[in-house]
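*Asks:* coordinates only, sequence not included:
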């Protein structure tokens, strides 16, 4: 009986997410102001300036700037205002894009670094299987990204939700 409730809840959540993906959000005043601010101001990081006056970024700074700009553009396109957060960052004279990129880098670092360290010290590693998993992940990620760019965005979102629901149901059944 409990599994029926959980499965029904997950299926209902999946249907809700599918419906929300196909409904385009309306831009509000705060998201419009955020787009104007993003167009006016630029992202400034700790770049070094050469003698010719051009900015040069290191590898991590370049990646952070690129990721920050992409995340900010995506947030603006979706109509996510972050009004209070943007005003707090403006008072501290900190760029919104840098904050978004830093949060993503810290989250990825925690999701990758902590499990690797724990696994290295607590388990026997089968390196052959690990190498096969790494190669398969890289090839699958590149192939998925290549195919994903060709699909229309609503279809890709729907596919991701359906695959996630099928995986969740399979995990509950097994």
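*Replies:* Looks like it came in fine. These numbers were taken from a predicted model, which means no experiment stands behind them.

*Asks:* return the distance of the helix or strand where residue 5 lies from the chain's centre.
*Replies:* Using DSSP states H and E, residue 5 falls within helix 2-22. Between the mean C-alpha point of helix 2-22 and the mean C-alpha point of its chain there is a distance of 22 Å (CA atoms, centre = their mean, to the nearest Å).

*Asks:* in contact with the residue nearest the centre of the chain, which residues?
*Replies:* A centroid search over the chain (CA atoms, centre = their mean) returns residue 104, at 7.0 Å, as the residue closest to the centre. Contacts were defined as CB atoms under 8 Å, 6 or more residues apart in numbering; by that measure residue 104 touches 67, 71. All C-beta atoms are positioned from the backbone trio N, CA, C, and that covers glycine.

*Asks:* just the buried positions in the strand or helix carrying it, please.
*Replies:* Under the assignment given by DSSP H and E, the secondary-structure element containing residue 104 is helix 96-122. Of the residues in helix 96-122, those buried under the neighbour-count criterion (16 or more other CB atoms under 10 Å) are 96, 97, 98, 99, 100, 101.

*Asks:* let me have those residues in CSV, extended by distance to residue 84 and pLDDT.
*Replies:* Formatted as CSV, these follow (distance: CB to CB, whole Å; pLDDT from 0 to 100):
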residue, distance to residue 84, pLDDT
96, 12, 83
97, 17, 84
98, 18, 83
99, 13, 84
100, 15, 85
101, 20, 85
